[in-house]
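# I would like the atomic coordinates for the input below:
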Amino acid sequence: MGILINLIGVLLIAFIIWWFWLYKKQSEATVEGSSLDIIVDSGVYKPSVIHAKAGEEITLRFIRKDSNPCSEKVLFNDLDISADLPFETPYEMTFTPDKKGEFEFTCQMAMYRGKLIVE
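Now for the predicted structure:
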């Protein structure tokens with residue numbers, strides 16, 4: 001009986017690691033015009049992969065629907081940009097990505113993950 005309980009515990013731990021750190025369903029979008037809505041909910045950014053053009057001003061409108069404290073902040077560390085996201089109130093972040101590349105954006109604990117691809 002003890003072996004069965006230990007096996008269930010190990011499987012549960014493996015599932016938690018996979019769910020929170022390894023598996024993230026990714027959705028992609030391109031900034032059309034100058035703005036794009038990003039929903040922050042259930043541990044993910046939707047869309048989680050964003051395409052933009054270098055040198056063009058963009059506005060990312062974050063709509064936080066998750067009350068989890070981890071979703072309170074978004075960080076673009078490589079671009080030195082961060083913002084506090086209010087709950088259920090859209091927050092607009094406007095900036096001009098001036099260099100090409102892939103830039104990760106996360107919550108402060110890096111559990112919510114997204115990527116800005118500047119072409």
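# Any figure for the gap between residue 38 and residue 13?
31 Å (Cβ to Cβ, to the nearest Å). For the C-beta atoms, the positions are set from N, CA and C on the backbone; glycine is no exception.
# quick one, which of the two is more surrounded?
residue 38 (22 against 10; other Cβ atoms under 10 Å).
# Mind jotting down where the helices sit in this structure?
Secondary structure of the chain, counting by DSSP state H: helices at 2-17.
# Lowest mean pLDDT among the helices and strands, pick that one out for it.
strand 28-30 (a mean of 71; mean pLDDT, DSSP states H and E).
# What ranges in the chain fall below the confidence cut-off?
19-26, 29 (pLDDT under 70).
# If we use 80, what do you get?
For the chain, the stretches with pLDDT under 80 are 1, 16-34.
# Can you show me the strands along it?
28-30, 35-41, 44-46, 49-52, 58-64, 73-76, 81-84, 91-95, 101-106, 113-118 (DSSP state E).
# in the fourth one, what counts as buried?
Read it as strand 49-52. 50, 51, 52 (16 or more other Cβ atoms under 10 Å).
# Among those, which one sits closest to residue 67?
residue 50 (23.8 Å; Cβ to Cβ).
# ok, residue 119 - contacts?
Shown in contact with residue 119 (Cβ atoms under 8 Å, 6 or more residues apart in numbering): 51, 52, 53, 54, 100.
# Looking at those residues, which is nearest residue 91?
residue 52 (17.8 Å).
# Please give me every residue in contact with residue 73.
Neighbours of residue 73 in contact, by Cβ under 8 Å, 6+ apart: 82, 83, 84, 85, 107, 108.
# Buried only: go through these for me.
85, 107.
# Distance to residue 42 added to the contacts of residue 73, as CSV?
Formatted as CSV, these follow (distance: Cβ to Cβ, whole Å):
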residue, distance to residue 42
82, 22
83, 20
84, 20
85, 15
107, 13
108, 18
